[in-house]
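**Student:** I'll drop the sequence and a predicted model, then ask my questions.
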Amino acid sequence: QKEVEQDPGPLSVPEGAIVSLNCTYSNSAFQYFMWYRQYSRKGPELLMYTYSSGNKEDGRFTAQVDKSSKYISLFIRDSQPSDSATYLCAALYGNKLVFGAGTILRVKS
Amino acid sequence: DVKVTQSSRYLVKRTGEKVFLECVQDMDHENMFWYRQDPGLGLRLIYFSYDVKMKEKGDIPEGYSVSREKKERFSLILESASTNQTSMYLCASTGVESRGGTEAFFGQGTRLTVV
């Protein structure tokens, strides 16, 4: 079993939709949780990170962590074609950094 | 605002060559990582380092070695490049930030083709 599981998609939505991207993890020691966006042929860029449980909002993006169910979510409001990319979740504790497989998101105009 | 820099964006090497991929971070991070990313396989950890001269094998270390002589620099070495090492290579670093949190940053990636 992978320590961080993520549905690879692809997920296709119309412009303006609310997008929900999700990951689950198995190791309760993870403390920091991150979301990355990766455009084709580029390195991943950090979108948001959260520590422990709770929500964090930044513009159209909201990251949510539920440690009791080991569930990580990223919500994108008013999705735009420019949001089309691969989104990777990651979990970190100490020097152990584990990524999900990435979800391909396509926002159609 | 560059935080993690990889020396090359694109490389083409011949089978059997020794290949060096360099990664430099300017955040004084303790931990540095090398991944390869292949379609359908996601990110796979090759090696990581938690301090100068310290290294740990990741999930797929075969055919690779690493060097960390200085805190800011982590090098990945392909001892004898083979075609199955054609991939996108990503360097990342993590450390405690000034605000007390921890973040991980990636370099822009090196797309290596072995012919």
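**Tutor:** All right, it came through fine.
**Student:** next, residue 94: phi, psi?
**Tutor:** By default, I'm working from chain A. The phi and psi torsions at residue A:94 (degrees, to the nearest 10) take the values phi 60, psi -120.
**Student:** now do the one 10 residues further on
**Tutor:** Residue A:104 has phi and psi values of phi -80, psi 120 when expressed as degrees, to the nearest 10.
**Student:** from chain B, how far out is it?
**Tutor:** Using C-beta to the nearest C-beta, to the nearest Å, one obtains 11 Å as the distance from residue A:104 to chain B. For glycine as for every other residue, the C-beta is placed from the backbone atoms N, C-alpha and C.
**Student:** what mean pLDDT does stretch A:12-29 get?
**Tutor:** Taken as a whole, stretch A:12-29 has a mean pLDDT of 95.
**Student:** buried residues in that stretch?
**Tutor:** Within stretch A:12-29, the residues that count as buried by 16 or more other C-beta atoms under 10 Å in any protein chain shown are A:13, A:19, A:21, A:22, A:23, A:24, A:25.
**Student:** would you agree residue A:45 is in contact with residue A:34?
**Tutor:** No. Taking contact to mean C-beta atoms under 8 Å, the distance of 10.8 Å between residue A:45 and residue A:34 leaves them out of contact.
**Student:** so for those two, which residue has more residues nearby?
**Tutor:** Ranked by neighbour count (other C-beta atoms under 10 Å in any protein chain shown), residue A:45 and residue A:34 place residue A:34 first, with 25 against 13.
**Student:** among the buried residues of stretch A:12-29, which are in reach of chain B?
**Tutor:** The subset of those within reach of chain B, by C-beta under 8 Å from any C-beta of the partner chain, is empty.
**Student:** quick check, nearest of the residues you listed to chain B?
**Tutor:** Nearest to chain B among the buried residues of stretch A:12-29: residue A:23, at 11.9 Å, using C-beta to the nearest C-beta.
**Student:** can you name the residues bridging to the residue nearest in space to the middle of chain B?
**Tutor:** Here the mean C-alpha position of chain B is nearest to the C-alpha of residue B:34 (C-alpha atoms, centre = their mean), at a distance of 2.9 Å. Using DSSP bridges, the beta-bridge partners of residue B:34 come out as residue B:47, residue B:91.
**Student:** so which bits of chain A are right by chain B?
**Tutor:** Selection of chain A residues close to chain B by C-beta under 8 Å from any C-beta yields A:8, A:31-32, A:34, A:36, A:41-46, A:49, A:51, A:88, A:90, A:92, A:95, A:97, A:99-102.
**Student:** who touches the helix or strand bottoming out on mean pLDDT in chain B?
**Tutor:** Sorting the helices and strands of chain B by mean pLDDT, DSSP states H and E puts strand B:102-106 at the bottom, at a mean of 80. Outside strand B:102-106, the residues within contact range by C-beta atoms under 8 Å, 6 or more residues apart in numbering or on different chains are A:31-32, A:34, A:36, A:43-46, A:49, A:51, A:90, A:92, A:97, B:3-4, B:25, B:27, B:90-97.
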